[in-house]
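**Student:** 3D model of this:
(one chain, ligands or ions: 1)
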Amino acid sequence: MTWAVIATWKMAFHGTETAAGILENNGTAADAAVTGVSLVEDEPSFHSVGYGGRPDRTGHVVLDGGFMDGDTLHFGAVAALEGFRSPVNIARSLISGNANNFLVGAGAAAWAESHGFEKRDNLTEEAREIYEREKERLKELTAYDGHDTVCFLTLDHNGTLCAATSTSGLFMKEPGRVGDTPVPGSGFYADSECGAAAATGMGEEILKGALSYAAVFFMKEGYSAMEAAQKAVDELDAKLKKRNGSANAMSLITLAPDGSWGVGTNVDFTFSTADKEHGTQLWSAAKVNGKTVIKAYEKEI
Ligand code: GLY
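**Tutor:** Have a look, this model is predicted:
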């Protein structure tokens with residue numbers, strides 16, 4: 001059996017190397033995915049995830065995260081969670097059982113505290129200064145586009161696929177706003193028999209198409225990971241443009257049970273992949289004349 005990783009944005013490159021090491025040493029897909037995401041959550045120079053994430057309209061850094069095990073289809077998710085180090089680890093702790101898998105706000109915080117998860121104020125001095133400056137500059141505060149979610153999809157030697165996600169959501173979002181990232185089927189989905197998918201971009205758009213489930217469904221219907229990712233994004237992008245005149249940013253990664261991967265996007269997008277044969281690689285994707293063009297990423301990380 002093979003192993004493989006795909007993760008969103010170049011911020012996940014070092015996490016992808018770490019996840020690859022876990023899988024190469026016979027670790028589980030769950031450990032690899034959650035470790036990859038939590039490394040990004042801990043890095044203050046990444047401004048859309050965890051520590052250093054951008055605050056909401058009231059100056060609070062409020063986080064969302066999700067996790068899914070493709071063998072059992074069990075998932076865990078937290079949303080609108082404040083004051084804890086790693087939403088993805090808390091999400092993972094919620095997968096057992098058939099109830100109470102998705103907790104929000106005060107309920108999520110109470111669960112995290114009672115289960116010993118590490119607390120952390122995720123508002124860095126840099127993020128606070130940016131927030132104060134923008135608050136002064138803007139008469140009316142509106143949500144900004146900063147919504148780069150970290151997503152990991154992993155396949156282990158046992159053939160298990162997992163998905164894990166984490167974000168601070170939109171900068172200046174309305175308190176209580178939740179995007180796609182913690183929502184199974186939209187922000188992530190994993191089924192070890194068909195494939196896994198996870199999304200980044202404007203959550204409100206991704207939710208309209210249940211984008212991750214759409215791609216996994218296409219893989220179940222026989223499309224390759226690459227075809228499924230592009231079909232899911234392109235169809236939703238076209239539908240939103242037809243119905244509403246525009247479509248906001250959406251990018252999607254997919255991973256098939258054989259370790260092959262795919263990407264669909266309607267904007268410039270970076271991602272990393274790893275497997276035994278090719279090692280860890282960083283890529284860029286862009287839409288050029290209606291086609292998704294994927295290239296090795298040539299700039300410095
Ligand atoms: N995709 C992250 C969000 O919209 O919150």
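**Student:** Just name the shakiest helix or strand of the chain by mean pLDDT.
**Tutor:** helix 125-137 (a mean of 88; mean pLDDT, DSSP states H and E).
**Student:** Can you mark which positions in that helix are buried?
**Tutor:** 127, 131 (16 or more other Cβ atoms under 10 Å). No exception for glycine: its C-beta is placed from N, CA and C like everyone else's.
**Student:** Output the helix or strand following that helix in CSV with nothing but the alpha carbons.
**Tutor:** Remark: after helix 125-137, the chain's next helix or strand is strand 150-155, criterion DSSP states H and E. In CSV, the C-alpha atoms belonging to strand 150-155 read as follows (Å, rounded to 0.1, in the frame of the first residue of the first chain):
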residue,chain,number,x,y,z
VAL,A,150,-5.1,25.1,5.9
CYS,A,151,-6.4,21.8,4.7
PHE,A,152,-4.6,18.4,4.8
LEU,A,153,-5.7,15.2,3.0
THR,A,154,-3.7,12.1,3.9
LEU,A,155,-3.6,8.4,2.8
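**Student:** Any part of strand 150-155 near the ligand?
**Tutor:** No: Strand 150-155 lies apart from the ligand when judged by Cβ under 6 Å from any ligand atom; the minimum separation is 9.2 Å.
**Student:** Could you check the angle the next helix or strand after that strand makes with strand 150-155?
**Tutor:** For strand 150-155, the following helix or strand on the C-terminal side (DSSP H and E) is strand 161-167. Put simply, strand 161-167 runs at 170 degrees to strand 150-155, going by axes from the mean of the first three to the mean of the last three Cα atoms, to 10 degrees.
**Student:** so what secondary structure elements neighbour strand 161-167?
**Tutor:** The helices and strands touching strand 161-167, judged by 3 or more Cβ pairs under 8 Å, 6 or more residues apart in numbering; DSSP states H and E, are helix 29-41, strand 63-69, helix 87-92, strand 150-155, strand 188-191, strand 195-201.
**Student:** State the next helix or strand along the chain beyond the second one.
**Tutor:** Looking back up the chat, that one is strand 63-69. Next helix or strand after strand 63-69 toward the C-terminus (DSSP H and E): strand 75-81.
**Student:** What strands line up against that following strand, and which way round?
**Tutor:** Strand 75-81 pairs in its sheet with strand 63-69 (antiparallel), strand 102-104 (parallel), by DSSP bridges.
**Student:** So which bits of the last one are buried?
**Tutor:** The one in question is strand 102-104. Buried, per 16+ other Cβ under 10 Å, within strand 102-104: 102-104.
**Student:** Contacts for that strand, please.
**Tutor:** 75-81, 94, 111, 178, 182, 184 (Cβ atoms under 8 Å, 6 or more residues apart in numbering).
**Student:** can the helices and strands packed on strand 161-167 go into JSON lines with extra columns for distance to residue 53, mean pLDDT and mean neighbour count?
**Tutor:** Output for the helices and strands packed on strand 161-167, formatted as JSON lines (distance: least, Cβ to Cβ, whole Å; pLDDT from 0 to 100; neighbours: other Cβ atoms under 10 Å):
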{"stretch": "helix 29-41", "distance to residue 53": "9", "mean pLDDT": "98", "mean neighbour count": "27"}
{"stretch": "strand 63-69", "distance to residue 53": "7", "mean pLDDT": "98", "mean neighbour count": "31"}
{"stretch": "helix 87-92", "distance to residue 53": "10", "mean pLDDT": "98", "mean neighbour count": "29"}
{"stretch": "strand 150-155", "distance to residue 53": "11", "mean pLDDT": "98", "mean neighbour count": "33"}
{"stretch": "strand 188-191", "distance to residue 53": "18", "mean pLDDT": "98", "mean neighbour count": "30"}
{"stretch": "strand 195-201", "distance to residue 53": "14", "mean pLDDT": "97", "mean neighbour count": "32"}
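**Student:** Dump the ones you listed into JSON lines; add distance to residue 116 as well.
**Tutor:** Shown next, in JSON lines, are these (distance: least, Cβ to Cβ, whole Å):
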{"stretch": "helix 29-41", "distance to residue 116": "16"}
{"stretch": "strand 63-69", "distance to residue 116": "17"}
{"stretch": "helix 87-92", "distance to residue 116": "11"}
{"stretch": "strand 150-155", "distance to residue 116": "24"}
{"stretch": "strand 188-191", "distance to residue 116": "25"}
{"stretch": "strand 195-201", "distance to residue 116": "27"}
